[in-house]
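# sequence unknown, structure follows:
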């Protein structure tokens with residue numbers, strides 16, 4: 001294994017010295033440093049790394065967290081003598097030594113010929129079934145050998161083709177995926193995401209080029225040996241077109257223009273074209289594209305400008321969303337599923353413990369509140385007892401008053417009748433006995449002349465049918481006649497009889513006034 005860069009270059013873009021070194025490498029591509037000279041002990045510091053892996057090279061970038069997500073801090077490239085697991089492991093160990101990383105997370109973008117990506121029509125089934133369906137029918141869509149594959153697919157928004165829906169499909173040989181994952185694990189790194197280069201390119205452009213999130217934008221990454229064109233429509237992948245590898249910039253520009261014309265064959269033109277790469281070849285391709293008359297306008301965006309083509313792919317693997325098609329070995333998927341179940345069980349147990357603690361705290365608080373209420377009730381119990389006793393007394397008194405009020409309302413009112421009798425009797429008469437019932441009154445008394453008593457009572461509106469109840473008597477020593485009278489009591493006063501028209505006095509004529 002050899003390295004074609006003497007040291008990693010810090011920063012998100014290569015410096016002037018790095019560009020000079022790149023020119024020197026192109027002049028003498030065999031000027032390399034043996035990896036054995038860099039077999040220093042791997043440091044203990046952990047790092048966030050991303051890698052673009054090809055059949056003959058590795059490009060690893062160190063990432064640093066930023067406001068807009070991870071950004072490239074250092075870039076390191078190594079050439080591989082072979083694509084087996086031992087060479088990959090040696091390369092990753094050398095990269096860890098050069099970058100000063102002693103483990104951490106590693107996201108991987110598998111370049112063409114190691115993984116494939118394509119937009120294909122698939123039945124509208126669940127996400128878990130798409131991968132199995134694609135593995136069974138991979139040779140219908142991809143040029144792969146009859147060998148075990150790792151596949152995944154993601155349905156894309158867009159019009160259906162009959163009963164089929166467009167899906168971004170990805171597959172890779174299981175041996176390649178297992179070799180990369182095993183090499184990363186042996187070097188002390190935990191594999192995060194592993195995606196094809198086309199998916200990584202689409203994710204990097206979508207995340208870092210805002211213009212690509214609307215309209216139709218084509219992106220090309222001029223990676224040596226495996227260029228691909230990805231068409232994005234409103235941020236979703238619509239087409240993945242592999243391009244023939246060529247060192248001739250004019251021929252590469254013509255191939256890109258032909259792929260763009262093919263993408264626009266459905267009637268919707270391509271709004272912009274993005275050519276990624278910081279070397280002289282990418283710049284020459286951009287210049288050649290400007291000479292093409294039917295090529296769409298080139299899009300220059302600072303989000304990815306200045307990065308090497310393979311560093312863009314590595315960054316795209318780190319920026320890939322969880323929904324992106326991911327290629328991971330079955331053993332790692334099962335391990336992650338077990339880890340997810342363990343985390344779920346731990347979280348559930350922690351939630352139960354927290355729930356019990358919260359319930360205990362709540363119950364303790366309730367007990368304190370109940371004790372405080374009991375103490376307060378014991379404190380005010382004597383006053384409450386007195387208040388309740390007073391309330392009971394008031395209630396009993398109100399009941400008695402209601403009974404008395406009912407009795408008074410139903411009993412005859414004799415006070416006004418006695419007063420009426422006193423007013424009706426003449427001054428020369430007085431009573432000695434008086435009895436009354438519901439029918440009337442019976443009275444006995446002495447009067448100078450009984451003949452004045454009867455008319456006086458009959459004149460009162462309270463009495464009617466006044467008459468003698470016994471003969472008039474006179475005894476020696478009396479000052480008048482003794483009488484016994486009976487009379488009925490009127491409940492209301494007698495109405496005055498209405499006057500007849502003859503009794504109504506005639507209106508006095510108006511006095512005549514002399515003029």
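Alright, I've got the coordinates. Because the structure is a prediction, the values reported are computed rather than measured. Numbers count the residues shown, from 1 in each chain.

# what's around the nearest residue to residue 459 once chain neighbours are set aside, how many residues?
In this structure, residue 459 finds its nearest non-sequential neighbour in residue 424, 7.0 Å apart by Cβ to Cβ, 6 or more residues apart in numbering. Where you see a C-beta, it was placed from the backbone N, CA and C, and this is true even at glycine. The tally of other residues near residue 424 (other Cβ atoms under 10 Å) stands at 20.

# residues contacting residue 424?
By Cβ atoms under 8 Å, 6 or more residues apart in numbering, the contact list for residue 424 reads 456-457, 459-460, 462-463.

# just the strands in the stretch 351-500 of the chain please.
Assigned strands in the stretch 351-500 of the chain, in chain order: 429-436, 440-447, 463-473, 481-489 (criterion: DSSP state E, counting those that start in this stretch).

# buried residues in the longest one?
For strand 463-473, the neighbour count (16 or more other Cβ atoms under 10 Å) marks 463, 466 as buried.

# sheet partners, orientation included, of that strand?
Here strand 463-473 is paired, per DSSP bridges, with strand 481-489 (antiparallel).

# next one: stretch 231-240 to chain centre, how far?
Remark: stretch 231-240 is offset 30 Å from the chain centroid, using Cα atoms, centre = their mean, to the nearest Å.

# so for it, first residue to last residue, what's the gap.
7 Å (Cα to Cα, to the nearest Å).

# do stretch 291-305 as well
Its start and end residues considered, stretch 291-305 measures 21 Å (Cα to Cα).

# for the record, mean pLDDT for that stretch?
Stretch 291-305 carries an average pLDDT of 73.

# if we can go back for a sec, how about the strands of the stretch 351-500 of the chain in CSV, adding distance to residue 133 and mean pLDDT?
Converted to CSV, the strands of the stretch 351-500 of the chain look like this (distance: least, Cβ to Cβ, whole Å; pLDDT from 0 to 100):
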stretch, distance to residue 133, mean pLDDT
strand 429-436, 114, 84
strand 440-447, 115, 86
strand 463-473, 116, 83
strand 481-489, 112, 85
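
# wait, which of the ones you listed is closest to residue 134?
Closest to residue 134 of those is strand 481-489 (Cβ to Cβ; 115.1 Å).

# what sits up against that closest one?
417, 436, 439-450, 453-454, 457, 462-470, 472-475.

# let's see it at 7 Å
Outside strand 481-489, the residues that touch it by Cβ atoms under 7 Å, 6 or more residues apart in numbering are 417, 439-447, 449-450, 453-454, 457, 462-470, 472-475.

# now it, how far from the centre of its chain.
Centre-to-centre, strand 481-489 and its host chain are 99 Å apart (Cα atoms, centre = their mean).

# what about the stretch 351-500 of the chain, any weak spots by pLDDT?
Applying pLDDT under 70 to the stretch 351-500 of the chain flags the ranges 410-414, 476-477, 491-500.

# does residue 153 count as helix, strand or coil?
When classified by DSSP: H, G, I helix; E, B strand; the rest coil, residue 153 comes out as strand.

# would you check that it makes contact with residue 169?
Yes. Assessed by Cβ atoms under 7 Å, residue 153 is found in contact with residue 169 at 4.3 Å.

# spit out the residues that contact those two alike.
Jointly contacting residue 153 and residue 169 under the rule Cβ under 7 Å, 6+ apart are 134, 325.

# just the element for residue 340, please.
helix 330-410 (DSSP states H and E).

# Three-state assignment for residue 229, please.
Criterion first, three-state DSSP; result for residue 229: strand.

# and it, how far is that from residue 425?
As judged by Cβ to Cβ, to the nearest Å, residue 229 and residue 425 stand 134 Å apart.

# got the contact list for residue 148?
Counting by Cβ under 7 Å, 6+ apart, residue 148 has contacts residue 174.

# tally of neighbours for residue 444?
15.

# give me the element the residue nearest to residue 186 when sequence neighbours are not counted is part of.
Spatial nearest neighbour of residue 186, excluding adjacent residues (Cβ to Cβ, 6+ apart): residue 89 at 4.8 Å. Here residue 89, judged by DSSP H and E, is contained in helix 85-99.
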